[in-house]
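*Asks:* I would like the atomic coordinates for the input below:
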Amino acid sequence: MADAPTHHHAPMSEQDQLDALYRQAKAEGGKVTVYMGGDAPGQWDSLATAFRQQFPDVKLNLVTDLSKYHDARIDNQLATEGLVADAAILQTAQDFDRWKKQGNLLRYKPVGWDKVFANAKDKDGYYTGVFYGAFSYVVNSKQLPANPGDFKGTDLLKPAYKNKLVLTYPNDDDAVLFGYKQLVDKYGWNYLAQLVEQNPKLIRGVPGSAAGVASGDYLASIAVGGDARPNGTQVFSDTERFNSWAQRGAIFKDAPHKAGAKLFMSWLGSRTVQKNAIATWTWCVREDVSPPTGLKPLASYKNTDPTAFAKFMSDRASVERFRSQVELYFGQVKGSDPGDPTDTLGRSPGAF
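*Replies:* Reported below is the predicted structural model:
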């Protein structure tokens, strides 16, 4: 008797998987609300526009604010059984471990999950990184040594930088704070005392620091990132550690629009979007997408550990002790929320 024929079905392409998710999202009602960490209104508008162009029948509310305010909103929505956020993409790494432990997250592996680096995803599939952030120095290009990697933090104590530093309050942003933790670990607390003697301009939000260097008004900033052209560039010192981390994203188990959230998270993690919308400015979390021009693969930098920031964030008592000491040097944070400067978002932004 002849063997029965074996049928081998080719795996669905990422686009076919997205098309199927799109149909499910439309059947669900065609809506999704995503909270994204950021410190400027409209910071992620280009992503929202690209999503709407590809999936015009799904209404997306993409709400940007500081992660430390978004997580409070989500916790309050969970506590009051009024969840608005279907998904969250935040810098506050510790929240995702806590939400996972509390049973608040949906176990979901987005399209392309198998291609995501292990250090950028939860092995059980409850959260997945969407890009690698990296904070270091942003410096006026004319101030750099012949080999930019020779630049180091003590260079900022030179007379040329007096009144010419623009710094994001480290006690306002934990990713910035961790950069200062690495500096204090290397140079000691006296480094911060000397830095303050340079009379830096202190502001809220990372984009403003990069913009200050970009304009030429300031010569450098610490533990930040962003586009500093035409006058500045981001620098990774060869002799100091810098902070890199996977920005985590997850869908909530009780999300009102689970299919819409699955579509958004899978779209964002797809190879096409990672290549065309993420790899243009930072490292992708996918192993099959090359880093931006001018950057080596993140794993080749021996002075950064993409898992270190999450470990730092997980010990909240230590974070708060360090923050309180840093505040002795830089003072209390002043200024409006850069992510919501008009104070209009409230407790449940993005509701349909």
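*Asks:* the residue nearest the centre of the chain: helix or strand, and which one exactly?
*Replies:* Geometric centre of the chain, nearest residue: Q247, 4.3 Å, by CA atoms, centre = their mean. Q247 is part of strand 243-251, with elements assigned from DSSP states H and E.
*Asks:* as a whole number, average confidence for the strand ranked longest in the chain?
*Replies:* Ranked by residue count and defined by DSSP state E, the top strand of the chain is strand 128-140. Average pLDDT, strand 128-140: 98.
*Asks:* each with direction, which strands does the helix or strand that that strand is followed by pair with?
*Replies:* Next helix or strand after strand 128-140 toward the C-terminus (DSSP H and E): strand 166-168. Based on DSSP bridges, the pairing partners of strand 166-168 within the sheet are strand 201-203 (parallel).
*Asks:* okay, buried residues for the strand it pairs with please.
*Replies:* For strand 201-203, a neighbour-count test (16 or more other CB atoms under 10 Å) marks L202, I203 as buried. Any C-beta I mention is one placed from the backbone N, CA and C, and that applies to glycine too.
*Asks:* and stretch 324-344, by the same measure?
*Replies:* Neighbour-count burial for stretch 324-344, counted by 16+ other CB under 10 Å, picks out V326, F330, D337, P338, G339, D340.
*Asks:* same question for stretch 274-294.
*Replies:* Q274, A277, I278, A279, T282, W283, C284, V285, R286, V289.
*Asks:* pull the longest strand of the chain out as CSV, backbone CA atoms only.
*Replies:* The C-alpha atoms that make up strand 128-140 are tabulated as CSV, following Å, rounded to 0.1, in the frame of the first residue of the first chain:
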residue,chain,number,x,y,z
THR,A,128,8.1,42.1,24.1
GLY,A,129,10.5,44.9,23.4
VAL,A,130,9.8,47.2,20.4
PHE,A,131,13.1,49.0,20.2
TYR,A,132,16.4,49.5,22.1
GLY,A,133,16.8,52.9,23.8
ALA,A,134,20.3,54.2,24.4
PHE,A,135,21.3,57.2,26.5
SER,A,136,24.8,58.7,26.5
TYR,A,137,26.5,62.0,25.8
VAL,A,138,25.2,64.4,23.2
VAL,A,139,28.0,66.7,22.3
ASN,A,140,28.8,69.6,19.9
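*Asks:* that one - contacts with which helices or strands?
*Replies:* With contacts defined as 3 or more CB pairs under 8 Å, 6 or more residues apart in numbering; DSSP states H and E, strand 128-140 has these neighbours: helix 174-187, helix 206-214, strand 220-224, strand 232-235, strand 243-251, helix 258-269.
*Asks:* tell me which of these is the most buried.
*Replies:* Highest mean neighbour count of those: strand 220-224, a mean of 27 (counted as mean count of other CB atoms under 10 Å).
*Asks:* what's the angle from it to strand 243-251?
*Replies:* 50 degrees (axes from the mean of the first three to the mean of the last three CA atoms, to 10 degrees).
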